[in-house]
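*Asks:* Okay, sequence plus prediction incoming.
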Amino acid sequence: MHTANLGLQHFYLGDWQEAQRYLERAVQLERSTQLSYFSSQPHTYLGMLYKAQGAWEDASRCFSEAVALAQEADVRGQLPYAECRLAEMDVLQGRPTEAIARLQPRVSDMRWHYEVVLLSILAEAHADMGDWAKAEKIVDIAKTRARLMHNRVDGLEASRVRAKILTLQGNREEATATLEEALSQARSMPYPYAEAKLSCEYGMLHLREKEPARARERLGAGLEIFRQLGAKKDAEQTTRALQEPGRAQGQ
């Protein structure tokens, strides 16, 4: 697991080439060793990298392999995490109903390390379905759990989702405060991918508030980081938002 953890650290720090080298090696090592509690983790971590790079088919394959390995090893702690990442792919690809169906059975058993991830993805799925009140309730729990567990990494994604929900509800003041705090944390860690996603969420807030100049500044900052990292789909989506502000305002 040392190799996989090193790869994940490089991913967070923004060195994705080195992260890919470590994580692909970790998967190779796992395939040559006996099945264990941690066998699924290298696949999940590599899937996270592929997802961020925009290689969604490869990411889904990694997450599915992680689920299969966790089931084979009968590892309850690792199985929910891999399933969460598959649900995240559902949300990214416009299938929030499928994400909710995948995650809802897990909500009753919240005493595990990845609960912040689960709640954040579930909250975003409900937000994408238009159920903002339920989404806000869930993401507030995610934020509380992240704070209690000192889980700063997953807490940043919970903050992004919370800001998105608040923006959709027209609550500019709270959304701005959430984004400012999260951006400060992302820069101090540092965690450039989270910083870019938060910056783009900030840009969407400005677009909905009909502030195109501020929106371009925030979206442009996020786009620059996405391009540096190699986050292709995020870069494409951000470019579209910059080019089509009218459509973004209507979202």
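*Replies:* Received it, and whenever you're ready, just let me know what you need. Numbers count the residues shown, from 1 in each chain.
*Asks:* List the buried residues in whichever strand or helix holds I225.
*Replies:* Using DSSP states H and E, I225 maps to helix 212-229. For helix 212-229, a neighbour-count test (16 or more other Cβ atoms under 10 Å) marks 212, 215-216, 218-219, 221-223, 225-226, 229 as buried. (Glycine included, C-beta is placed from N, CA and C.)
*Asks:* JSON lines please, covering the residues you listed and showing distance to A52.
*Replies:* Listed next are the buried residues of helix 212-229 as JSON lines, based on distance: Cβ to Cβ, whole Å:
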{"residue": "P212", "distance to A52": "28"}
{"residue": "A215", "distance to A52": "23"}
{"residue": "R216", "distance to A52": "24"}
{"residue": "R218", "distance to A52": "20"}
{"residue": "L219", "distance to A52": "18"}
{"residue": "A221", "distance to A52": "17"}
{"residue": "G222", "distance to A52": "13"}
{"residue": "L223", "distance to A52": "15"}
{"residue": "I225", "distance to A52": "11"}
{"residue": "F226", "distance to A52": "9"}
{"residue": "L229", "distance to A52": "7"}
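*Asks:* what's the closest of the residues you listed to A235?
*Replies:* F226 (4.1 Å; Cβ to Cβ).
*Asks:* ok, residues contacting stretch 211-224?
*Replies:* Contacts of stretch 211-224 from elsewhere in the structure, counted by Cβ atoms under 8 Å, 6 or more residues apart in numbering, are 195-200, 202-204, 206-207, 234-235, 238-239, 241-242, 245, 248.
*Asks:* For ChimeraX, write the selection for the buried entries among those residues.
*Replies:* The following ChimeraX line selects those of these that are buried, judged by 16+ other Cβ under 10 Å:
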select :195,196,197,198,199,200,202,203,204,206,207,234,235,238,241,242,245,248
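*Asks:* I am finished for the moment; much appreciated.
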